[in-house]
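Undergrad: I'd like to go over a predicted model; first the sequence, then the structure.
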Amino acid sequence: MKKFETEVRLSREMGLMDATMIGVGAMIGAGIFVLIGIAAGVAGPALILVFALNGLVALLTAMSYAELGSCFHDAGGGYLWVKEGLPKWNGFLSGWMDWFAHAVACSLYALGFGAYFGHVLHEIGFTVPHWGFVSPEKLLAAGIAVLFAYINFRGASETSKIGNLVTMGKIIILLIFIGFGLEMMFSQGNWIERFSPFMANGMGGVFKAMGLTFIAFQGFEVIAQSSEEIKNPKKNIPRAVFMSLLIVVPIYILIAVTALATVNPSGGMTPWDYLAMHKELALVEVARQFFSGGGVMILFGGLISTMSALNATIYSSSRVAFAMGRDRNFPAFFGKVHSKNFTPHWSILMSLAIVILMVLSLPIEDVASAADIMFLLLFLQVNIAMIHLRKKRPDLNRGFFVPLFPFLSILGILLLLFLAVYMFNYSTVAWIVTAIWIGGGLLTYKGYAAKREVVHVQKIKTLERIERQDYRILVCLASPRTMTSLTQIALAIAKKHEAELIFLHLVEVREGRKLRSGLDEAGLKRQSISEMEFMAEKAEVPARTVIKVTHRISQGIIDMAAEESCNFIVIGRQKNPDFLDRVFSS
């Protein structure tokens, strides 16, 4: 009996603007709100140079993401590319590091929320008590992490439209900050003097601050992770990656300029030392001096940013662990989904455990540094994978090519490695944590994953092996009551036209949930289609199955017919007589 393979797809509902806003929203997360004060103390006025240079370093890796994202359209991004382009242990290690990097980033965002919300509570006269050695801010951070882990467990998440509104809100708040800052800066005659000495802490301070703030530049990877949901990914992914950087980097530079040029330090302190003293709340202090209500505005923006970033990153972290559980790289319980919510509850719980551990055990500087080092090393592997895949898979239909290959990619690798290693001078603790995690990953791979890993054939290879027919019939399977009769009708038509059948099963995700949350449910739908495939095999008609996750059934059918250039659609009539009208009028 033939073993059929089922392809699971997400409905492509995101346009270029949606994809760009995903990247912008991920970059303008908590990093710029939380880390700018700390980074100013490390680099001095050269913080401006830090953001400009980090933009260039990010651009070198973004080009690799643009090239690979334009030809690999599966959800997963860097983890899957490293698995495809490098040896198996690299693939495992990239997933292992990706899981930890996102979990530690969650810790950073939670700590940022704790600092901002703690300040709000302090202003209204409410005091959060200490709990042993745990500060009130850390208690609040742990609490918000638990809350959003529970939200992810229940399956709720922001849609792309809500995410776009949140992102636009953050951009508007920062542009208002920049506008008032520039007005105040140019009204002062001595603002240039505030940037002297520019290299107050030398190039060493610049390199440390670059490593510390790099997490605020890595959001473009989320675009690649969402590639299966993006329309025309061959063109739109490269465009969205570069547009997101083009929007974010100037905003960061202008924030650094206005913060340093306009803040009024007390006690004869330098502007950068004053910002460093206020740490996570530096932007709040600067905005408070700009205009009445400025501090409240930045507090609101910081709270929205940290919560939005925390929600999205807990989701990403748990899905990496879930995918590795399905691949048998992790114990099987990581790959299980909750029977009611269709969410990977064990993966969410294990990710939460890492978040809470980092929140309670390390200060925010070390948490940020650990996340930065992980992302730097992860991006390094993606650049290496891009070089290998350019040579190994020249046949891939790329929508973008990294120019001056391989020199720009090698330069990106060297810069990422340099920044990661140099972070040892800023946070030895972060490097110890990183080394322990990577060492634990290598031991896990050797002792567990290498013996149990399920080798999955990449979708792009599967598609190359399928000899597609000129005539294709889309069979929409929904009700078990009509599956057999629909298949019989489709087989009769297929024999006449020597056609290929595509069995389509749609998983509808309610509004308010991300499409990728439907992947958990899709795995449970496979068994109901097997009988139809065996009917096609018996009739000697070529057939394959696609499970498509969509927000609207009608749009899912139309998209699938367009993607496969189907000549004929077989669809059952639902009890609701208006159903077909809705499908064909969409």
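TA: Alright, I've got the coordinates.

Undergrad: ok, and what's touching stretch 479-490?
TA: Residues from elsewhere that reach stretch 479-490 (CB atoms under 8 Å, 6 or more residues apart in numbering): 473, 475-477, 501, 503, 528-529, 531-532, 535-536, 570-572, 574. In short, each C-beta sits where N, CA and C put it, glycine included.

Undergrad: do I have it right that residue 223 meets residue 242?
TA: No: proximity of residue 223 to residue 242 does not meet the contact threshold set by CB atoms under 8 Å, at 10.2 Å.

Undergrad: sorry, back to before: buried subset of the contacts of stretch 479-490, written for ChimeraX?
TA: Those of those that count as buried under 16 or more other CB atoms under 10 Å are selected in ChimeraX with:
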select :473,475,476,477,501,503,529,532,535,536,570,571,572
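
Undergrad: show the contacting residues for residue 140.
TA: Neighbouring residues of residue 140 by CB under 8 Å, 6+ apart: 113, 114, 117, 118, 128.

Undergrad: report all helices and strands that the one helix or strand the first one maps to contacts.
TA: When you say that, I think you mean residue 113. Element membership for residue 113 (DSSP states H and E) is helix 88-123. On a contact count with 3 or more CB pairs under 8 Å, 6 or more residues apart in numbering; DSSP states H and E, helix 88-123 meets helix 31-43, helix 78-85, helix 136-154, helix 294-326, helix 345-361, helix 364-392, helix 428-444, helix 450-452.

Undergrad: adding distance to residue 16 and mean pLDDT, write these out as TSV.
TA: Below are the helices and strands packed on helix 88-123 laid out as TSV (distance: least, CB to CB, whole Å; pLDDT from 0 to 100):
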stretch	distance to residue 16	mean pLDDT
helix 31-43	24	92
helix 78-85	21	84
helix 136-154	28	89
helix 294-326	20	86
helix 345-361	31	92
helix 364-392	23	94
helix 428-444	36	94
helix 450-452	41	69
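
Undergrad: so which of those comes closest to residue 259?
TA: Closest to residue 259 of the helices and strands packed on helix 88-123 is helix 31-43 (CB to CB; 6.6 Å).

Undergrad: before we move on, back to that, closest one of the contacts of residue 140 to residue 312?
TA: Nearest to residue 312 among those: residue 113, at 13.6 Å, using CB to CB.

Undergrad: and stretch 172-185, what's its mean pLDDT?
TA: Stretch 172-185 shows an average pLDDT of 92 in the prediction.

Undergrad: kindly report the same for stretch 94-111.
TA: Rounded mean pLDDT across stretch 94-111 is 92.

Undergrad: where helices are concerned, which of the contacts of stretch 479-490 count?
TA: The helices, defined by DSSP state H, take in 531, 532, 535, 536 from the contacts of stretch 479-490.

Undergrad: more neighbours, residue 223 and residue 242?
TA: Set side by side, residue 223 and residue 242 show more neighbours around residue 223, with 32 against 19, by other CB atoms under 10 Å.

Undergrad: and the gap between the more buried one and residue 315?
TA: Here residue 223 is placed at a distance of 15 Å from residue 315 (CB to CB, to the nearest Å).

Undergrad: same deal with residue 46?
TA: Relative to residue 315, residue 46 is positioned 36 Å away (CB to CB).

Undergrad: ok, back up a step: how about a markdown table for the ones in helices among the contacts of stretch 479-490, with distance to residue 382 and pLDDT added?
TA: Shown next, in a markdown table, are these (distance: CB to CB, whole Å; pLDDT from 0 to 100):
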| residue | distance to residue 382 | pLDDT |
| --- | --- | --- |
| 531 | 42 | 72 |
| 532 | 39 | 76 |
| 535 | 43 | 84 |
| 536 | 40 | 84 |
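
Undergrad: returning to that earlier point: is it possible to export the helices and strands packed on helix 88-123 to TSV including distance to residue 489?
TA: Below are those laid out as TSV (distance: least, CB to CB, whole Å):
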stretch	distance to residue 489
helix 31-43	56
helix 78-85	38
helix 136-154	40
helix 294-326	35
helix 345-361	41
helix 364-392	43
helix 428-444	51
helix 450-452	43
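
Undergrad: nearest spatial neighbour of the residue nearest to the spatial centre of the chain, skipping sequence neighbours?
TA: Nearest to the geometric centre of the chain sits residue 222, at 3.1 Å (CA atoms, centre = their mean). Nearest residue to residue 222 in three dimensions, chain neighbours excluded: residue 26, at 4.3 Å (CB to CB, 6 or more residues apart in numbering).
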